[in-house]
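Peer 1: have a look at this prediction, sequence included:
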Amino acid sequence: MALYKRTDRVTSLMRQLAATFIRNEANADPLITVTDVDVSSDLKQATVFVSIFPEAQEADALIFLKRKGGALRSFVKQNAVLKDIPFFDFAPARTEHHRRLLDELAYEESKKDMREK
């Protein structure tokens, strides 16, 4: 039970530190937002899920973030007191992508309904 709580605390800390790091390192265009972090149970791996706007720049932003994974690890080392510092990977937040698709579909459907009336 204690490991579970520690994992939650580390996950929360990694989310905060990753967001701060990205805010300091990335340009304002594209807008990169940390939506979640998944830390492995042994605390050695962490996947940072990000939302990127505009979506057309997602691939370039992910390449940039993956290149900065080591720098993020150093940033965490300097700003957190942890026995093990996880190695970081980055992935697009698919829930955000799906939300946008649903919004677009709903918008198109409402436009179609308006034309039919």
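Peer 2: Great, that's in hand. Bear in mind the structure is a predicted one, so any value in this text is a computation, not a measurement.
Peer 1: run a quick neighbour tally on residue 8.
Peer 2: 11 (other C-beta atoms under 10 Å). C-beta coordinates here come from the backbone N, C-alpha and C atoms, glycine included.
Peer 1: let me know the helix or strand that it is in.
Peer 2: helix 2-25 (DSSP states H and E).
Peer 1: what's that helix in contact with?
Peer 2: Residues outside helix 2-25 that contact it (C-beta atoms under 8 Å, 6 or more residues apart in numbering) are 32-34, 36-39, 41, 43, 46, 48, 50, 65, 68, 71-72, 75-76, 79-80, 82, 86, 88.
Peer 1: just the buried subset of those, written out for PyMOL, thanks.
Peer 2: To isolate the buried ones among those in PyMOL, judged by 16 or more other C-beta atoms under 10 Å, type:
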select buried, resi 32+34+36+37+39+43+46+48+50+65+68+72+75+76+86+88
